[in-house]
Structures are given as C-alpha cells and as structure tokens.
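take a look and give me a structure for this.
(2 chains)
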Amino acid sequence: MMKNTDKPIVILDTNEFVFGLIGNQEYPIFLIQGLGKLSENFDFRVSRQIVKEILGNIPKNYQGKLFNFINSGIIKYDDKLIDKNLLVKYKNCGLKKGDAVIAAFADKENADFLISENRHFLKELKTRKFKILNAEQFLKEVIKT
Amino acid sequence: MEFRKVNITLPVQLFEKSKHLVEKGLYSNFSDLVRSSLRKELKEDQQLLGEEDEWQRLVKEIRADLQNTELAKMSKEQIIKRLRKTREKVYDEEYG
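Numbering: from 1, shown residues only, chains lettered A, B, ... in the order given. You can find the predicted model right below:
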C-alpha cells in the first residue's frame, strides 16, 4: 500500500492512552499531552482494536467523551477489521493473538513507528517494517531530530 | 546565583562513566557535569510541554474526569494485566 501522507506514520498502542490519560507514567503523559503539537510532524493512527480496548476500560459515562477525543482530528481512527492473513503473519512471529492485531495494523498502515509500553512488542517482535519504541524512546528520538 | 547542595545516589557504573568524562576534561568537575545534564534534560522537557494548547486543555480535562475511575487506583502492573485481558477479550469478539 502507498502512503498518502508525507509525515511519518505513528501507531499508538492502547497502553499509551491509558497511562497517558489515567496513570502516572511520565513519558506516556508527555506523549499524549504533546500529540497536538507533534501532529504537525507526525501522522498518528489508532485501530478499531485499540479504541475498543481503551473504551472497554473506562466507565460508560466517559466513553462518549473519550471517543470524541480520539476522533477530534489529531489522531486518525481506522474502524476496519484486519485481514486474517496479515494476522497469521504476526502470530507466526511469536506474538500473542491480540498483539498480532496491533502489529498487523501497523504493517497495513505502512507505519514508521509503533509506540507501546508493551514489553512483548519491545522484546519479541523483530521487524524492519516499523520501529517499535516506548513513549520515552520515541520522544527522545523526536527531540533529536 | 543562589546554590543548594544536594546528595544524590547513582549506580556505580553511571558514576564511573561520568567521572571518566570529567577526567577527559569535558567538564570541570562532577557538579559541572550534573548541572549541564540537568539543564539539557529541563530544556527537552520544556520543548515537550511548551505552551498549553487546546489539545492539552482537553487532555487535562479528561485526566481530571478519569482520576476517580477504578483504573486510576491500580498499579502499573495491575493495569498491564487488565489491558492484556481486555486485548484477548476484544480479539475473541472480533476474530474468534
């Protein structure tokens, strides 16, 4: 698939939103707070799986507000399911079934970065298709450039 | 300029590497190295935070809303465990 953007494509995993919006992890908070400014230089995307996971972890009365927040234009939301062949490819890389959906989404979107605090991604998935970083590593890389 | 003396605890390896930089003449002494590193770190954080924009106000508002939720009372490890369960549940609903 060809990229339809000049900006590097960045997939944000569920844990970045949860730690950034609820937790007290310093770098995910910086990342989520900085998305407005960072979106001038990066194309942030989330998948159906990621949004369902975020909404599934917060009380119903806040879900609408959070969905609007994710859909406010700073982040692109893709509501499509992932092709099963692509899922199998990442399951065969040793990823757990749910993690394979996220990696397959990054692959489908031709992402440059997958940002996650998930140690399984950081340790187990060896791919040249996209760079897997946590929020701290990503923000430090952004500052360097 | 007013100064304050502080005691810090460092991993031995980090201290040894830092000492090496001082010995090589990159910094006049260990305090100079620490001051310089802190200035760099603060500058980076400042760049990240910058002025508050519309998005940041929205994030603050949502953070305030969510502080009384169950998740906000959990440790990092508990949250990771919970997210892992949700990930599997959503997968089963969508692809199972």
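
correct me if wrong: B:Ala72 contacts B:Leu66.
Yes. Under the criterion of C-beta atoms under 8 Å, B:Ala72 makes contact with B:Leu66 at 6.1 Å. For the C-beta atoms, the positions are set from N, CA and C on the backbone; glycine is no exception.

mind listing the shared neighbours of those two?
A:Ile22 (C-beta atoms under 8 Å, 6 or more residues apart in numbering or on different chains).

the more surrounded of the two?
Per other C-beta atoms under 10 Å in any protein chain shown, whichever of B:Ala72 and B:Leu66 has more neighbours is B:Leu66, with 20 against 16.

give the contact list for that one.
A:21-22, A:58, A:62, B:72.

for the residue of chain A positioned farthest from its centre, give its distance to A:Thr127.
In chain A, counting by C-alpha atoms, centre = their mean, A:Asn61 sits farthest out from the average C-alpha position, at 24.0 Å. A:Asn61 sits 39 Å away from A:Thr127, going by C-beta to C-beta, to the nearest Å.

how about the contacts of B:Leu66 in JSON lines, adding secondary structure?
Below are the contacts of B:Leu66 laid out as JSON lines (DSSP: H, G, I helix; E, B strand; the rest coil):
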{"residue": "A:Leu21", "secondary structure": "helix"}
{"residue": "A:Ile22", "secondary structure": "coil"}
{"residue": "A:Ile58", "secondary structure": "coil"}
{"residue": "A:Tyr62", "secondary structure": "helix"}
{"residue": "B:Ala72", "secondary structure": "helix"}
